[in-house]
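# Got a predicted model here, sequence first, then my questions.
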Amino acid sequence: MARTKILVLFAPPGEVHEDLQRLARAWGFTLRRISTLQALEEALSEGGFDLLLLPSKKAADLFLRLGSAFRGTPPTLAEVEKRHILAVLASVKGNKTQAARLLGVDPKTLYNKLKRYRREGGETSPGEGLPS
């Protein structure tokens, strides 16, 4: 029996690509949809797929941001800090006061960092945008 071919579709939240499901089947692929950077990072680490599809500029930009992690280049301190802040924020369901307390920073510092991340644009937390 032939091995199943896997197509990974990385489409950030809010992007709808229903037509790609039909195309994947027509090409003989099983479609695996991923919508968060964390899930994409895990998929890239694990492998086990035949084709990665980035259907939009936003998806491609987010993918390129992950690039340094897979080229052997260590992430910058700013990247590590941002990932950690967003992970803590996600763990407290967006409660910035509680996140600031857990991070050991003044809430104003956290608000300023989140404001800067929002200004820089792009993916800001696993599966969703920055909380307001």
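Looks like it came in fine.
# Check which helices and strands the worst-scoring helix or strand of the chain on mean pLDDT is in contact with.
Every helix and strand of the chain was ranked by mean pLDDT, DSSP states H and E. The lowest is helix 57-70, at a mean of 69. Other helices and strands packing on helix 57-70, by 3 or more CB pairs under 8 Å, 6 or more residues apart in numbering; DSSP states H and E, are strand 5-10, helix 37-46. (C-beta placed from N, C-alpha, C; glycine too.)
# what distance separates that helix from the centre of its chain?
Relative to its chain's centre, helix 57-70 lies at 9 Å (CA atoms, centre = their mean, to the nearest Å).
# Return the helix or strand just after it as PDB; C-alpha atoms alone will do.
Moving toward the C-terminus from helix 57-70, the next helix or strand (DSSP states H and E) is helix 77-91. C-alpha atoms of helix 77-91 as PDB (Å, rounded to 0.1, in the frame of the first residue of the first chain):
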ATOM      1  CA  LEU A  77      17.200  37.900  23.300                       C
ATOM      2  CA  ALA A  78      14.300  40.000  22.100                       C
ATOM      3  CA  GLU A  79      12.800  37.000  20.300                       C
ATOM      4  CA  VAL A  80      13.100  34.800  23.400                       C
ATOM      5  CA  GLU A  81      11.700  37.600  25.600                       C
ATOM      6  CA  LYS A  82       8.700  38.100  23.200                       C
ATOM      7  CA  ARG A  83       7.900  34.400  23.000                       C
ATOM      8  CA  HIS A  84       8.100  34.100  26.800                       C
ATOM      9  CA  ILE A  85       5.900  37.100  27.400                       C
ATOM     10  CA  LEU A  86       3.300  35.800  25.000                       C
ATOM     11  CA  ALA A  87       3.400  32.300  26.400                       C
ATOM     12  CA  VAL A  88       2.800  33.700  29.900                       C
ATOM     13  CA  LEU A  89       0.100  36.000  28.700                       C
ATOM     14  CA  ALA A  90      -1.600  33.000  26.900                       C
ATOM     15  CA  SER A  91      -1.300  30.900  30.100                       C
END
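# what does the helix or strand just after helix 77-91 contact?
Once the chain leaves helix 77-91, the next helix or strand it forms, by DSSP H and E, is helix 96-103. Outside of helix 96-103, the residues within contact range by CB atoms under 8 Å, 6 or more residues apart in numbering are 84-85, 88-89, 91-92, 106-107, 109-111, 114, 131.
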